[in-house]
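> Whatever this is, show me its structure:
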Amino acid sequence: MRKSKMETEEFFGPFPAKLQVGDYQHMVYEEGDVGPFYMTDMERQASKSDSLTGVSKQKMRRKDDMEKDLRAKGVRAKGNKVAIVELCKQNNVPYTVTAEAIKEGWNGKPKGMLQILWERGFIDPAIEPTKAESFYTNDGKKDAFGNLIPGTSLRKMMSSLIDFINEETLLQYHGKMLGVLVDRSPKCHPEVAGEGIEYSWGCGKGKYRRLPLTDKRRKENFRNSVRQCLDRMTVLTIERQRMFSKRARQYMLAYHSIELSKEKRESGGEAESSNEKLEMSAYLVEKIIKTYKSHRGATDFDSAYIGAIVNDMKSGVGCSVT
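Presented below is the predicted three-dimensional model:
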């Protein structure tokens, strides 16, 4: 977990913080740290390092270890973990191991939301530290009317932190370390990804789903089917890829138009005039404003469009869908 630099006062909450502007906040407890603020001195000292509990328990062995023992007996170890366990039972190979349970300490472990927010001054010092864990919860507390009480939800407070909002992905971070700029489309918005790449994937999937099962059985047949569905001469032709790129461009224009209208309303100006309005489809905009809670592919939000193109392939019709 990467450390974060406190660049401005905006990184801090309304209460006294343990950090200052210019400091780095580490997300994992280090050797010199005092420990969780919500513990007593005695609890912090006792739980700093991992310790043995004196209680033994059985746990499943690692799959690769069981496979190694089976092969040593001349048994062909193949399949998922359930199948490997069954082979162990049949060949008198141990599939469980007895180990002493370990109580994990806080040193070297992630700090958690409560500690991170406390170090930044988002936790009320008037609340007794030992009671902070029960006062602040992941989803927060609600009043008699079912409304969230501000400042009690750890998730909500964490999601408002500037550095977490603007956090780089692991790919972007390593790219920067190498001197490379990595750009990406917004999460959960595949309709604007690349040059219609999601449509290309959706088209390939649509073609694969229409193949008979006999063409997919056995490994070599499966591989040949995949190659056939991604073939650039018959399936993902340059004409179809240009159509997909055009479709993605329509979504980009629709998003841009919505953003411009929003900015004008917030600035007190009028909505777009007919001259300023960008070319876009009301049908696409209607789909954009729907709420999606997970990632989706082109086959989810534009299945009819892709289905029509795949059907054209089957019937031998040219690229008539626009």
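> Next, find the distance separating Thr237 from Met243.
Distance, Thr237 to Met243, by C-beta to C-beta, to the nearest Å: 9 Å. (Each C-beta comes from the backbone N, C-alpha and C, glycine too.)
> Settle it for me: which of these two has more neighbours?
More crowded of Thr237 and Met243, by other C-beta atoms under 10 Å: Met243, with 20 against 16.
> helices or strands up against the helix or strand in which that one is found?
Applying DSSP states H and E as the criterion places Met243 in helix 238-266. Using 3 or more C-beta pairs under 8 Å, 6 or more residues apart in numbering; DSSP states H and E, the elements in contact with helix 238-266 are helix 197-209, helix 282-288, helix 303-315.
> okay if I get the ones you listed as CSV plus mean neighbour count, distance to Arg184 and mean pLDDT?
As requested, the helices and strands packed on helix 238-266 are exported to CSV (neighbours: other C-beta atoms under 10 Å; distance: least, C-beta to C-beta, whole Å; pLDDT from 0 to 100):
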stretch, mean neighbour count, distance to Arg184, mean pLDDT
helix 197-209, 21, 12, 90
helix 282-288, 13, 19, 57
helix 303-315, 15, 23, 78
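> quick one on the thing from earlier: what are the buried residues along the helix holding Met243?
Within helix 238-266, the residues that count as buried by 16 or more other C-beta atoms under 10 Å are 240-241, 243-244, 247-248, 250-251, 253-255, 257, 261.
> on that earlier part again, would you mind telling me which of the helices and strands packed on helix 238-266 is nearest Ile149?
Taking C-beta to C-beta, helix 282-288 is the member of those nearest to Ile149, at 33.3 Å.
> so how far is the top strand by length along the chain off the chain centroid?
Assignment by DSSP state E gives strand 51-60 as the longest strand of the chain. Mean-position distance between strand 51-60 and its chain equals 33 Å (C-alpha atoms, centre = their mean, to the nearest Å).
> in its sheet, what does it sit against?
strand 96-103 (antiparallel) (DSSP bridges).
> contacts for the strand it pairs with?
Where contact means C-beta atoms under 8 Å, 6 or more residues apart in numbering, the residues beyond strand 96-103 that reach it are 47, 50-61.
> Could you provide those in CSV, with additional columns for neighbour count?
Converted to CSV, those look like this (neighbours: other C-beta atoms under 10 Å):
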residue, neighbour count
Ser47, 17
Asp50, 13
Ser51, 12
Leu52, 11
Thr53, 10
Gly54, 8
Val55, 9
Ser56, 10
Lys57, 11
Gln58, 9
Lys59, 10
Met60, 11
Arg61, 18
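> still on that earlier bit, among the helices and strands packed on helix 238-266, which comes closest to Gly79?
With C-beta to C-beta, the closest approach to Gly79 among the helices and strands packed on helix 238-266 belongs to helix 197-209: 25.7 Å.
> Would you mind getting the angle between that closest one and helix 238-266?
140 degrees (axes from the mean of the first three to the mean of the last three C-alpha atoms, to 10 degrees).
> chain center to helix 197-209, what's the gap?
Helix 197-209 has its C-alpha centroid displaced from the chain centroid by 23 Å (C-alpha atoms, centre = their mean).
> wait, Phe15 sits on Phe122?
Yes: when contacts are counted by C-beta atoms under 8 Å, Phe15 is listed as touching Phe122 (6.8 Å).
> Dump the helices and strands packed on helix 238-266 to TSV, plus distance to Gly112.
Below are the helices and strands packed on helix 238-266 laid out as TSV (distance: least, C-beta to C-beta, whole Å):
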stretch	distance to Gly112
helix 197-209	36
helix 282-288	36
helix 303-315	42
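> So which of Phe15 and Phe122 has more stuff around it?
Higher neighbour count among Phe15 and Phe122: Phe122, with 22 against 15, using other C-beta under 10 Å.
> how about the spatially closest residue to that one that is not a sequence neighbour, secondary structure?
The shortest distance from Phe122 to any non-neighbouring residue, by C-beta to C-beta, 6 or more residues apart in numbering, is to Gly13 (3.4 Å). With DSSP: H, G, I helix; E, B strand; the rest coil as the basis, Gly13 sits in coil.
> contacting residues for Glu9?
Contacts here follow C-beta under 8 Å, 6+ apart; on that basis Glu9 touches Val21.
> Look up how far Arg120 lies from it.
Counting by C-beta to C-beta, the gap from Glu9 to Arg120 is 11 Å.
> my read: Pro14 touches Ile123, true?
No: Pro14 is not in contact with Ile123 according to C-beta under 8 Å; the separation is 10.2 Å.
> Quick check: neighbours shared by these two?
Common neighbours of Pro14 and Ile123 (C-beta under 8 Å, 6+ apart) do not exist.
> Neighbour count for these two, which is higher?
A direct count of neighbours by other C-beta under 10 Å for Pro14 and Ile123 places Ile123 higher, at 26 against 9.
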